[in-house]
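In: generate coordinates for the sequence data below:
(2 chains)
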Amino acid sequence: MPTFVYMTRCDGCGQCVDICPSDIMHIDKTLRRAYNIEPNMCWECYSCVKACPHHAIDVRGYADFAPLGHSVRVHRDEEKGTIAWRIKFRNGKKDMELLAPITTKPWGTGYPDLAQAPTPSKEMRNSELLFNEPKYVRMDDGDLHTLESNGLEIKEGVYY
Amino acid sequence: MAYKTIIEDDIDILVAGAGLGGTGAAFEARYWGKDKKIVIAEKANIDRSGAVAQGLYAINCYMGTRFGENNPEDHVRYARIDLMGMVREDLAFDMARHVDSTVHNFEDWGLPIMRNTKTGAYLREGRWQIMIHGESYKPIVAEAAKKSADKVFNRVCLTHLLMDDAKENRVAGAVGFNVRTGNYHVFKAKTVICGAGGASNIFKPRSVGEGAGRVWYAPWSSGSAYGLMIEAGAKMTQMENRIVLARFKDGYGPVGAYFLHLKTYTQNAYGEEYESKWFPALQEMVGKEYLDPEASHTTHRPIPTCLRNHAIINEVNAGRGPIHMVTMEAFQDPHLEEIGWHNFLGMTVGQAVLWAATDVDPKYENPELTTSEPYVMGSHATGCGAWCSGPEDVSPPEYYWGYNRMTTIEGLFGAGDAVGGTPHAFSSGSFTEGRLAAKAACKYIDDGKAEGIRVSNEQIERRRKEIYKPLETYTVNRNEIVAGSVNPNYINPRQGLDRLQKLMDEYCGGFGVNYMTNDKLLHIGLKKMKALEEDLDKVAASDIHELLRAWELKHRFLTSESVFQHTLFRKETRWPGYYYRGDAMKLDDENWHVLTVSRRDPKTGEYTMEKAPLYHLVGDIEDKDLAKLKAEGHH
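Out: Have a look, this model is predicted:
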């Protein structure tokens, strides 16, 4: 469902250009507003739709299989940590509003500072452990699984 | 051309492509390499790049050992059965024993993971899947990578790896160009962790015209993981193991939550169960070891994904299509109905758009399913990718050469789609592989393996010339014609992509031929690929955006050629429902219970193929229900 941009809402800020994973939202040089330069490389991922501060970007289903007259709109709010959707059917019989959380923490918090984390010992470097392990594997005192601990062998041949 | 050359020097770890694999690598590298220089190069913006750009509604790989659910070896057995035996079990075990720690980190960072209100455990969708509100999965994970990296180069499309001019077969960085400024970027690095993506859009998609972007895997997944590594001469494995997905028609919306959580099921156009009637003949093809409906019925043992596809394909060919997903029962429950819609909005909005456009309300109508065009990737129910070393404490000698997740090129590591033989890693497993690769890369550097790397100016200049050649081809030849896209001296990237897709579809087993090929078709296809390769030397780009498409196409080409070679080599039909070798319609364990390994000589472009031994984890890992069945005299 390729995206398109409403002429009167776009101010050419370029947020969509900055975020589009497919590099297809570009600024028209004459109109100084954004548009989808390559609809057949659009995944309808809605990244640009969500990023647009003016809700200037919308989606119209792919012409080769989606009839006109539908709408799926979205408002993503990082401060509230929510995403709100509204889906309207072509025949007008269904009009749904759906709300979901997008994070459980204030944006950008909750990350460890790995540069300041205690330097791993030589023993840990030579072990199979990763950061926060073994604790984070099971959130208890258990160790990492090995072939030995789990009673396994690795054998060549045909086994099912 | 006035494009600047921008050199980033003294990099310890270059992350090439930052989807889930690459972000995992960047994150973990900081812990093991406190003072190491970590740099990310990503062709899009890492906040919304890779396969998870749009979000996910589930994490498909979580053991749940802390809740007493599964052990790593259980997952290995599951992946083994699903992939008809063809798994690097050392890598799979290693991923599975670490993956829970990755998920627990994600929860710390704010990813909303649903909980089972009765047990307090994560809410299960299926045995391996947990449900999340994952609209912001990628930006949450990207934040961790950004905090670890010294520099993030967004919008830099890497085209080639740099190789050491002092020592054969050792990596020295990568080069590419900025898709905004056009500038030439040179990254000189001691190690490279390839986190680039698998390949969509190499087989002709079912959609036509505008809808060609509505592919199952992201259209920006251009096979760059393979293009970069194959071109440098890394060995690849299981590249024949393309995947076909049974999904909601046209929108390719996911079915996992529908099957597993909403308990919807499929039937043919006439409301009949259709799978079981195809199984006896299918069992003749693959053997009871791989298809045992009775055992699957009474235990956790899955019926392999490809074999379920086989039933759909045959039922449709028998004239009883389309296959429907029976949603009308589950959707009467308003809670389940809401989950069904959230599931799309969280990961495939396009399917919601399509149902809104076509007035398909799954509460009152059972939506159509279809089998997709094939995809080449290494983290879903398939395991294409580079031939990598496993971990020291698990891997047998043939699978181990010193550093976990290192390819056969020294200093070049892989994660996610880049690593071969590790299906069912999905998002969490790909991130985990990135972490494993990062730790190993730090060790590689600390062991002094990256000393004395030399990159000649000749190599840097040669690549620069090569990268911009499509722009030059355009400039030189454009004015020979009045206007339009038809030129006797070049093709544009879209024209090249169309030809590649048609070729792959018709000769390498796409949907257009019901996933069928044989040795004769493959040989003809390879001949046509040779001509396409020559024409790609004359691909023209009218601007920097088209230059991006030109290089994506070249990566897709290298991926496709590898798929051709591997498909030709494995003379059996290992995965009915993914593809069929018409000249060898049976699974053949006597000759092909092996992994396929290839290498493309970077100098000549010639392929050499070999068989690698298949090792299995053996021990007390049998499904207990299955063991009981066996004891009772079933298989």
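In: counting contacts, what elements does the longest helix along chain B pack onto?
Out: Longest helix in chain B by number of residues, with DSSP state H as the criterion: helix B:544-569. The helices and strands touching helix B:544-569, judged by 3 or more C-beta pairs under 8 Å, 6 or more residues apart in numbering or on different chains; DSSP states H and E, are strand B:156-163, helix B:224-232, helix B:457-478, helix B:493-507, helix B:519-536, strand B:594-600, strand B:607-613. Backbone N, C-alpha and C define where each C-beta goes, glycine included.
In: the closest residue to chain A within the stretch 401-550 of chain B - how many residues pack around it?
Out: For the stretch 401-550 of chain B, the residue closest to chain A is B:Arg435, as judged by C-beta to the nearest C-beta, at 5.2 Å. Using other C-beta atoms under 10 Å in any protein chain shown, B:Arg435 has 31 other residues around it.
In: wasn't it part of a strand?
Out: No. Counting by DSSP: H, G, I helix; E, B strand; the rest coil, B:Arg435 is not part of a strand but helix.
In: hmm, back to that, helix B:519-536 and the longest helix of chain B, what's the angle between them?
Out: Put simply, helix B:544-569 runs at 160 degrees to helix B:519-536, going by axes from the mean of the first three to the mean of the last three C-alpha atoms, to 10 degrees.
In: quick one: name whatever helix or strand follows helix B:544-569.
Out: Next in sequence after helix B:544-569, counting helices and strands by DSSP states H and E, comes strand B:580-581.
In: list the contacts for the residue most central in space within chain B?
Out: Residue closest to the average C-alpha location in chain B (C-alpha atoms, centre = their mean): B:Met377, at 2.3 Å. Residues near B:Met377 by C-beta atoms under 8 Å, 6 or more residues apart in numbering or on different chains: B:197-199, B:217, B:221, B:243, B:384, B:417.
In: quick check: the farthest pair among the residues you listed?
Out: Taking C-beta to C-beta, the two most distant members of the contacts of B:Met377 are B:Gly197 and B:Ile243; they sit 13.9 Å apart.
In: higher neighbour count, these two?
Out: B:Gly197 (31 against 27).
In: from B:Asn105, how far off is the residue in the stretch 151-300 of chain B that chain A sits nearest to?
Out: Closest contact between the stretch 151-300 of chain B and chain A, by C-beta to the nearest C-beta, is at B:Gly211 (3.6 Å). With distances taken as C-beta to C-beta, to the nearest Å, B:Gly211 is found 38 Å from B:Asn105.
In: and if you look at B:Ser379?
Out: Distance from B:Ser379 to B:Asn105, by C-beta to C-beta: 19 Å.
In: the more surrounded of the two?
Out: B:Ser379 (31 against 26).
In: now the more buried one, nearest residue through space, not along the chain?
Out: With C-beta to C-beta, 6 or more residues apart in numbering or on different chains as the criterion, B:Ser379 has its nearest non-adjacent residue at 4.6 Å, and that residue is B:Ala425.
In: do the same with B:Val594
Out: Nearest one to B:Val594, counting by C-beta to C-beta, 6+ apart, is B:Lys611 at 4.1 Å.
In: check contacts around the one you found.
Out: With C-beta under 8 Å, 6+ apart, B:Lys611 has these contacts: B:594-597.
In: just B:Arg206 next, same as before
Out: Shown in contact with B:Arg206 (C-beta under 8 Å, 6+ apart): B:250, B:370, B:372-373, B:511.
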